[in-house]
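**Q** sequence and computational prediction follow.
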Amino acid sequence: MALSLGAATPTAPPLPRRRVVPFRATASPPALDRRRRPQNVPGEFFVDHRCIDCQTCRWMAPEVFKGVDGKAAVAAQPSSQEDRTKALQALLSCPTSSIHTHKPPKDILQVQNMFPLPLDESLLPGVYLCGYHSEHSFGATSYLVTHPQGNILVDSPRYTPKLADNIERLGGARYMFLTHIDDVADHRKWAQRLKCERIMHSGDVEEGTANVEWKLDGNGPWNIGTDFELIHTPGHTQGSVCLYYKPLKVLFTGDHVAKSEESDDLNLFRMYSKQSVTLQLDSIRKLLEVEFEWILPGHGYRIKYRDVQAKNAAMESLLANYTS
């Protein structure tokens with residue numbers, strides 16, 4: 001896969017800046033432990049007090065998990081094998097290991113082998129959910145895109161040898177694209193294991209990412225081969241970048257924009273952003289020119305629009321909400 005990144009040559013990183021907790025998740029208080037939250041219904045599965053409310057279990061297994069009093073809880077025990085499998089996938093993906101069963105589940109190894117998990121084999125062939133979310137990325141989602149010219153790992157999951165083995169069976173990864181500084185998690189371990197080249201905007205490079213192989217400079221856009229375009233979308237952070245997978249009309253948005261959990265509206269989650277709302281809205285306007293129909297965010301629920309016009313209507317509604 002030809003990598004065309006313009007001026008994206010290694011440059012000296014900027015001075016480290018103070019980290020600000022992004023998107024909903026907050027660090028779990030050390031005094032709290034693995035005790036069952038009283039908000040869980042009785043039964044095998046339960047969530048403990050260390051939950052950081054990252055939403056992961058709620059969109060992975062919505063039949064089982066709900067938000068209660070600011071954190072996740074089991075609202076209904078699995079009533080089918082499908083629900084149980086989804087609950088175990090959420091258990092493995094929980095960034096704080098806050099989901100438990102009373103006894104070690106006998107089928108957990110079978111569920112481990114499901115990751116990376118195909119998102120939709122008919123509509124999104126070759127796009128996988130990595131699972132194994134990391135608390136160091138505040139519970140962010142990582143994806144794997146398989147491609148004949150080289151696979152791409154989008155943001156970093158929690159490193160586990162089992163997941164690494166499974167990714168290697170799918171061809172490994174030639175590139176690791178890091179959408180922004182908050183979701184880098186175990187990027188160094190993955191780069192060492194998979195021998196992939198990391199791509200990140202220089203505006204977000206800090207001490208922990210100083211050695212990434214490709215540092216994007218300027219406003220782009222940049223391309224990875226002919227099928228992938230990198231779009232600079234500052235606002236959440238200075239170096240936020242979205243990945244546009246053209247043939248499938250998919251946009252990986254990192255923390256730039258996502259669906260509100262309470263409605264179908266799009267949300268910038270301004271309280272977690274590090275730059276001005278004006279800049280972030282300008283980045284949203286830039287996306288009106290991009291012909292995607294899917295949003296695969298770093299946090300929260302993925303979105304499939306009917307067509308590009310429906311996507312633009314949602315974007316324009318978001319802009320109106322912030323400018324009216």
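**A** That came in fine, so what should we check first?
**Q** isn't Val277 right up against Leu268?
**A** Yes - assessed by C-beta atoms under 8 Å, Val277 is found in contact with Leu268 at 7.2 Å. Where C-beta positions appear, they are placed from N, C-alpha and C, glycine not excepted.
**Q** what is in contact with the two at once?
**A** 235, 322 (C-beta atoms under 8 Å, 6 or more residues apart in numbering).
**Q** between those two, which is the more surrounded one?
**A** Here Val277 and Leu268 are compared on neighbour count by other C-beta atoms under 10 Å; more neighbours surround Leu268, at 22 against 13.
**Q** mind checking how far the more buried one is from Asp204?
**A** From Leu268 across to Asp204, the span is 17 Å (C-beta to C-beta, to the nearest Å).
**Q** give me phi/psi at the nearest residue to Phe65 once chain neighbours are set aside?
**A** Spatial nearest neighbour of Phe65, chain neighbours left out: Cys57 (4.1 Å); criterion: C-beta to C-beta, 6 or more residues apart in numbering. Torsion angles at Cys57 (phi, psi; degrees, to the nearest 10) stand at phi -70, psi -30.
**Q** which stretches of the stretch 151-300 of the chain form helices?
**A** Here the stretch 151-300 of the chain has its helices, by DSSP state H, counting those that start in this stretch, at 161-169, 187-194, 277-287.
**Q** most neighbours per residue, which of those?
**A** Mean neighbour count (mean count of other C-beta atoms under 10 Å) peaks for helix 187-194 among those, with a mean of 18.
**Q** other SSEs contacting it?
**A** helix 161-169, strand 175-177, strand 197-201 (3 or more C-beta pairs under 8 Å, 6 or more residues apart in numbering; DSSP states H and E).
**Q** what lines up beside the second one in the sheet?
**A** In its sheet, strand 175-177 lies beside strand 152-154 (parallel), strand 197-201 (parallel), with partners assigned from DSSP bridges.
**Q** and the contacts of the longest one?
**A** By C-beta under 8 Å, 6+ apart, the residues outside strand 197-201 that reach it are 3, 5, 8, 174-178, 180-181, 184, 187, 191, 209, 212-217, 224, 230, 232, 238-241.
**Q** put the buried members of those into a PyMOL selection.
**A** Buried residues among those (16 or more other C-beta atoms under 10 Å), as a PyMOL selection:
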select buried, resi 3+5+8+174+175+176+177+178+180+181+184+187+191+209+212+214+215+216+217+224+230+232+238+239+240+241
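**Q** in the protein, where's the longest helix?
**A** helix 308-323 (DSSP state H).
**Q** keeping just the C-alphas, turn that one into PDB.
**A** What follows is helix 308-323, C-alpha atoms only, in PDB (Å, rounded to 0.1, in the frame of the first residue of the first chain):
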ATOM      1  CA  VAL A 308     -24.800  10.900   2.100                       C
ATOM      2  CA  GLN A 309     -27.600  13.400   2.100                       C
ATOM      3  CA  ALA A 310     -28.900  12.000   5.400                       C
ATOM      4  CA  LYS A 311     -25.400  12.200   6.800                       C
ATOM      5  CA  ASN A 312     -25.100  15.900   5.800                       C
ATOM      6  CA  ALA A 313     -28.500  16.600   7.300                       C
ATOM      7  CA  ALA A 314     -27.200  15.200  10.700                       C
ATOM      8  CA  MET A 315     -24.100  17.300  10.400                       C
ATOM      9  CA  GLU A 316     -26.000  20.500   9.500                       C
ATOM     10  CA  SER A 317     -28.300  19.900  12.500                       C
ATOM     11  CA  LEU A 318     -25.300  19.600  14.700                       C
ATOM     12  CA  LEU A 319     -23.900  22.900  13.400                       C
ATOM     13  CA  ALA A 320     -27.300  24.600  13.900                       C
ATOM     14  CA  ASN A 321     -27.500  23.400  17.500                       C
ATOM     15  CA  TYR A 322     -24.100  25.100  18.200                       C
ATOM     16  CA  THR A 323     -24.600  28.200  16.200                       C
END
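**Q** what about this structure, any weak spots by pLDDT?
**A** Applying pLDDT under 70 to the chain picks out residues 1-32, 271, 324.
**Q** what residue spans form the domains of it?
**A** For the chain, the structural domains run 45-111, 126-323, going by automatic domain parsing.
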